[in-house]
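Chemist: Give me coordinates for this.
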Amino acid sequence: MKTLDIFVVELEKKINDTITTDSGLELYVDNRFNEFEHRVTEGPVVCSPVKHKTGVKKETHCIFIT
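Modeler: Sure, this is the predicted structure:
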């Protein structure tokens with residue numbers, strides 16, 4: 001896959017809806033009130049833009065702002 005001017009990033013899920021405590025207990029978070037607080041902001045690059053020379057290659061782990 002090649003794109004002209006956008007990055008394609010693979011995300012397992014859009015929102016981190018679980019929190020794991022130190023003891024290993026997994027709790028589910030209610031995101032209805034503040035959905036931006038637990039949004040996923042990093043992931044591996046699937047495709048980088050052809051139009052711009054960014055130096056980012058496939059499978060590079062990037063942090064992004066949504």
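Chemist: how much space between the closest residue to residue 16 other than its chain neighbours and residue 25?
Modeler: Using Cβ to Cβ, 6 or more residues apart in numbering and skipping the chain neighbours, the partner closest in space to residue 16 is residue 38 (4.5 Å). Every C-beta, even on glycine, is put in place using the N, C-alpha and C of the backbone. Noted for residue 38: a distance of 17 Å to residue 25, by Cβ to Cβ, to the nearest Å.
Chemist: If you count surrounding residues, which of those two has more?
Modeler: Legend: neighbour count by other Cβ atoms under 10 Å for residue 38 and residue 25, higher for residue 38 (16 against 8).
Chemist: all strands of the protein, in order?
Modeler: Ranges of strands in the chain, per DSSP state E, are 8-9, 18-20, 26-28, 42-47, 61-63.
Chemist: what number of residues lie near the closest residue to residue 46 other than its chain neighbours?
Modeler: The shortest distance from residue 46 to any non-neighbouring residue, by Cβ to Cβ, 6+ apart, is to residue 8 (4.4 Å). A total of 13 residues lie near residue 8 under the criterion other Cβ under 10 Å.
Chemist: now the helices for this protein?
Modeler: With DSSP state H, there are no helices along the chain.
Chemist: looking at the strands of the chain, which is closest to residue 1?
Modeler: Of all the strands of the chain, it is strand 42-47 that lies closest to residue 1, at 4.9 Å by Cβ to Cβ.
Chemist: what about that closest one, distance to the chain center?
Modeler: Centroid separation for strand 42-47 versus its chain: 7 Å, with Cα atoms, centre = their mean, to the nearest Å.
Chemist: picking that back up, for the strands of the chain, give me TSV that also has mean pLDDT and distance to residue 55.
Modeler: Output for the strands of the chain, formatted as TSV (pLDDT from 0 to 100; distance: least, Cβ to Cβ, whole Å):
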stretch	mean pLDDT	distance to residue 55
strand 8-9	88	16
strand 18-20	90	34
strand 26-28	93	38
strand 42-47	90	11
strand 61-63	88	12
